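S.K.: below is the sequence, then the predicted model.
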Amino acid sequence: MSQTSLRTRMLEAFRRRMLIVMGMMAAVFIILLGQMVNLQIIQGETYRQRARMNMENYIPIPASRGEMYDRNFKIGRRNEVIVSNRPSFNITTIPASFKNKEEMAAVIRPLCRLLKISYDDVMADIRSRNPWERVVIREDIGFDTIVLIASNQHLFPNIDWEDAPVRVYNYGNMFSHAVGYIGTISPAEYKRLRDSGYRHYQKIGKSGLEGEYDSLLRGVDGHYRRVVDVRNRIEGEEVGLQAVAGNNIVLSMDFEVQKAAWEAMNDVKGSCVVLKPHTGEVIALVSRPDFDPNMIISKNNAKIIEELNADKNKPFLNRAIQSKYPPASTFKIVTSIAALEEDKWNPNYTFFCPGKYTLKGFIDKDFYCYASHGTLDMYWAIARSCSVYFYQLGYKIGPTIILKYADYFGLSGKTGIDLPGEIQGFLPTKKWKLKTFGQQWFDGDTVNLSIGQGFVSVTPIEMANLVCGIVNNGIIMRPYLVREVLSPDNKKVLRKIEPKKIREIPLSPMTLDTLRQGMRLAVKSGTAARLSYLKVPIAGKTGTAQTRSKRTDDYSQHAWFVGYAPFDGPVENAVAVVVMIEYGVAGAVGAVPIAERVFSKMLSLGYF
Amino acid sequence: MFRKNEIYRVDYVLVSAVLAVIIVGILMIYSAGFDPIDRTNSGLYKRQIVWFIIGFILMIIMTFVRYKSLGDYCLYIYFFLLTIVIATTFFGTPIRNTRAWLTFGYFSIQPSEFMKLAVVIVLARYLELRERDMRHLRELLVPTAATAVPVLFILMQPDFGTAMVFIPLLFTMLLIGGADVSHLVAIISIAAIALVFPMFLTYREWVAAQDESIIVNFFKDYNLLFSVAGFLMLIAIAAYAMHFFMIKKAFRKIYIPSVVLSLGLFFSVFIMRFLKDYQKKRILVFLNPDLDPHGSGYNVIQSKIAIGSGGFFGKGFLSGSQAQLGFLPEKSSDFIFPVIAEEWGFLGATIVLGLLCLIVMRGAQIALEAKDKFGSLLAAGISSIFFFHILINVGMVLGIMPVTGLPLSFVSYGGSSLLVGMISIGILINIRMNKFVY
């Protein structure tokens, strides 16, 4: 092999390899260029957004939440404020603004000592959230603490604060179930409501009117837009969006009546509903036991909420709308109406009460009355609450008609009151009994049904509607608590809530008159005679429900009172009152005294 | 001085591309040092201008030096710089836990940057001398050793990024210098196999948190791996003996893969036994920065945001929010390219990348056209230094290469990098001028 040809061959090899290397280099440059096209052109918008997110901090400006006034609200006058707000601050941080976990711990740990909260709780909360989102470390911080942190900002980098007005429930427990309370939005709620403009750090109405009217009350949060650098130094700040305050609302509730009813029920369990049959306005709504919403709105008080939830007396339960009980003797109103309307029953027809009623059958069965009343007509049967009379009446007309009228009055349907979580009563049917117990409907069931015992159960608000139907000539209005929606500055009424008719039962004047007379007689010289001395003619009906409670002591009976006043005045002035006391011994003992205090208070306020 | 007409032989394309890139770099260092809140500047750009002036003088000097003499004195250059690198490793000024700099009062020098050039010169010289024997495996020993020694000391500094550049540089030089491709592939395969097993194990234990599976237990059994490696080695020896006595090329197909696999296994056992856990994890994070989003991953995320948000036309000079508000780390040195891409957009970044590509390709062209083998290899080596710096740096900021601290040639702030770059350009010009001299 000659020298020259070897040189040439090697030169050729060198050139070939050099060209391959150059080709690979060019390929690499093309790949780099391709990635640049990908990042800058194809994904450019995404990265522009992320760059904006890097440099812009949104500091929320909380909207002030609407206040609530009682029914006597007048524009331009000092009013009874049931729910308001007071200025306060939150301590917040954005976890992602810390360089690493150690740096975050070095700031958060002393901060927690200063704020007297548990470091572990705070870290658990931070870990459960998106690190780029604002986390509230502590709510409701006084101005002096803010000054302390602000003057030592080098010790607390990345710690921020924001205005956060705190909700004040001026009467604490008194309105707890009607007004409800607010709380930090839960992750599940946030997921559901994110699209409607809710933010993860906001408060949301959790129950009562706060929950029902949340969208009206909350307003729209604004925000400052802050341009910051990596050390959170502020480059510029501007108001990005002004906050829009929430609307104030005027309740149909009367502070004085609510107070009287609430105080009257000081040491009992139960509920009381006062409403105007003509419109459906709820004047008072008390449920006992109750709770203080001021104690539970802050996120730092989760423990109190837990304790209340675990309480076996169930203070969170709104017993007026979320609890059902056997209506007992108050149900005799329904049986009476059914008989009068469908069976051509005359109120002057009589039955004899020997103290018990024996149902003939394969085995005879006795149903007892609490006394032997002798011969009585319907008026006296209602007044004295004679069970034997209604056993016989109910047996005569049968369950179908009774249930038909119970259904007309909406005893197994929601009233549509503007409070969340309402439940409906229960009316048993033949079909239901066969399905549930595998048994026929016995005559004994009919007899029991006619005096409101057995399977039937109703909520107090449904009973209130029953009374309203009698007062209001068969028309039942939707009960409601909010009358007016005001502008945030209280200068304008934006919306008046119109009364809404939900049921109309064609009852003959004779039927209505019979019931009213019977209930009036019960107050004049019957089971509710305690109310007779009041200067307004009251009509009413008591009830004493045998419960299926496992408790065996003397108090295992629920006490009912349903009634209205004035007995024969204009419908516009009428007020219906329902009192339901759990384990209240008997209607006359447990419930009537409370109704008495409500009526006398309303009398002094000039309702009648 | 220049002989007649020689001044016209200066490669003005190359010079203007380099000057343009350096000026862009200085502008960007100005932008990166600007503080929009205090309206002040860190002043690094002034230092870079000083380095540029010194570098320009050195570049002119290098065009006069007979480049062949670099080959003649290559050992002196090499050992002189090696001594300095070793001295730096032990007596250098620690900056961020790395002893890579020698400080002389007002300025500091990074000898490992110069070492790259020295290694290229010594490799070029060696490959030129052994041009005809390069297809033998034993000829790879000296170049590998000449590269490995400084790499080891640079790793001890520890400056992982700089050390990493030497390896592709060596392979490129060997490939161009005429080494047997199958040898190079075999060496790369051995390294790959040696790394794959420990990394797989570390990944399973650390990331996937599964340490009890049949596969893992199999790889954990060092004795088993050792026996497999030994068995393969025996096969290889047998095949080599057959090859030796029967002179049949076919046996290469048996013994080369066997040796590769066997050595790979041996080394993997070695790495598994002697590397500490945190060292293995570091290699793993180097290969996949996503495993450590708070550490090196953060830089790449911010860099991608800066580049991506620049769009086509960019946000304008001094107006990049990522660079100006400090979200971008190391923005005047390693992460200078994102500043260009953010403020001048795709357009500006493409022009800069195009100029860098032009410099590399021009260097390669000079290598092709050089008068002698030494000049060719030297030019190719210099081109490769630039190329790998660009690949590793731009690849890193674009998020397609592992994160290593490596400056972008000519653009990043850094005296040593700029000086070496300009000296190298001087050599390239020199080689090109001399192709006309016969």
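M.R.: Structure's in. What do you need?

S.K.: residue B:14 - how many residues pack around it?
M.R.: Burial of residue B:14 is recorded as 19 neighbouring residues (other C-beta atoms under 10 Å in any protein chain shown). C-betas here are computed from N, CA, C, even on glycine.

S.K.: what helix or strand is it on?
M.R.: helix B:12-33 (DSSP states H and E).

S.K.: adjacent strands (with direction) for the helix or strand following that helix?
M.R.: Moving toward the C-terminus from helix B:12-33, the next helix or strand (DSSP H and E) is strand B:34-35. In the sheet, strand B:34-35 lines up against strand B:40-41 (antiparallel) (DSSP bridges).

S.K.: next helix or strand past the partner strand?
M.R.: Per DSSP H and E, the first helix or strand lying C-terminal to strand B:40-41 is helix B:44-64.

S.K.: how far does that following helix sit from the chain's center?
M.R.: Using C-alpha atoms, centre = their mean, to the nearest Å, the mean C-alpha position of helix B:44-64 is found 22 Å from that of the whole chain.

S.K.: in that helix, which residues are buried?
M.R.: Residues of helix B:44-64 classed as buried by neighbour count (16 or more other C-beta atoms under 10 Å in any protein chain shown): B:44, B:45, B:47, B:48, B:51, B:52, B:55, B:56, B:58, B:59, B:62, B:63.

S.K.: between the helix holding residue B:14 and helix B:44-64, how big is the angle?
M.R.: Following axes from the mean of the first three to the mean of the last three C-alpha atoms, to 10 degrees, one obtains 160 degrees for the angle between helix B:12-33 and helix B:44-64.

S.K.: can you tell me the average pLDDT over helix B:12-33?
M.R.: If you average the pLDDT over helix B:12-33, you get 94.

S.K.: and what of stretch B:273-286?
M.R.: Taken as a whole, stretch B:273-286 carries a mean pLDDT of 72.

S.K.: that stretch close to chain A?
M.R.: No - for stretch B:273-286 and chain A, the contact criterion (C-beta under 8 Å from any C-beta of the partner chain) is not met; the two come no nearer than 15.3 Å.

S.K.: now the helices for the stretch 451-600 of chain A?
M.R.: A:460-471, A:509-525, A:592-604 (DSSP state H, counting those that start in this stretch).

S.K.: now do residue A:341 against residue A:502, distance only.
M.R.: Using C-beta to C-beta, to the nearest Å, residue A:341 is found at 20 Å from residue A:502.

S.K.: compare these two (neighbour count), which wins?
M.R.: residue A:341 (20 against 17).

S.K.: where in the stretch 201-350 of chain A is pLDDT low?
M.R.: Of all residues in the stretch 201-350 of chain A, those with pLDDT under 70 make up the ranges A:229-235, A:298-301.

S.K.: now do 50
M.R.: In the prediction, the stretch 201-350 of chain A carries no residues with pLDDT under 50.

S.K.: mind listing the helices for it?
M.R.: If DSSP H, counting those that start in this stretch is used as the criterion, the helices of the stretch 201-350 of chain A fall at A:208-212, A:214-217, A:255-264, A:293-296, A:302-310, A:332-342.

S.K.: could you tell me how many residues sit around residue 404?
M.R.: Just so you know, I chose chain A. Neighbourhood size, residue A:404 [other C-beta under 10 Å]: 14.

S.K.: sorry, I should have been clearer: chain B.
M.R.: Quick note: residue B:404 (other C-beta under 10 Å) scores 19 neighbours.

S.K.: list the contacts for the nearest residue to it once chain neighbours are set aside?
M.R.: On the basis of C-beta to C-beta, 6 or more residues apart in numbering or on different chains, the spatially nearest residue to residue B:404 that is not a chain neighbour turns out to be residue B:161, at 3.5 Å. Each residue near residue B:161 by C-beta atoms under 8 Å, 6 or more residues apart in numbering or on different chains is listed here: B:392, B:404, B:405, B:406.

S.K.: please apply the same query to residue B:117.
M.R.: Residues near residue B:117 by C-beta under 8 Å, 6+ apart: B:382, B:385, B:420, B:423, B:424.

S.K.: if we use 7 Å, what do you get?
M.R.: By C-beta atoms under 7 Å, 6 or more residues apart in numbering or on different chains, the residues touching residue B:117 are B:420, B:423, B:424.

S.K.: quick check: residues of the stretch 101-250 of chain B near chain A?
M.R.: Counting by C-beta under 7 Å from any C-beta of the partner chain, the residues of the stretch 101-250 of chain B close to chain A are B:131, B:172, B:175, B:176, B:178.

S.K.: relative to residue B:200, how far out is the closest residue in space to the third one that isn't next to it in sequence?
M.R.: Across the structure, with C-beta to C-beta, 6+ apart as the measure, the residue nearest residue B:175 apart from its sequence neighbours is residue A:17 (5.8 Å). From residue A:17 over to residue B:200 the distance is 33 Å, taken as C-beta to C-beta.
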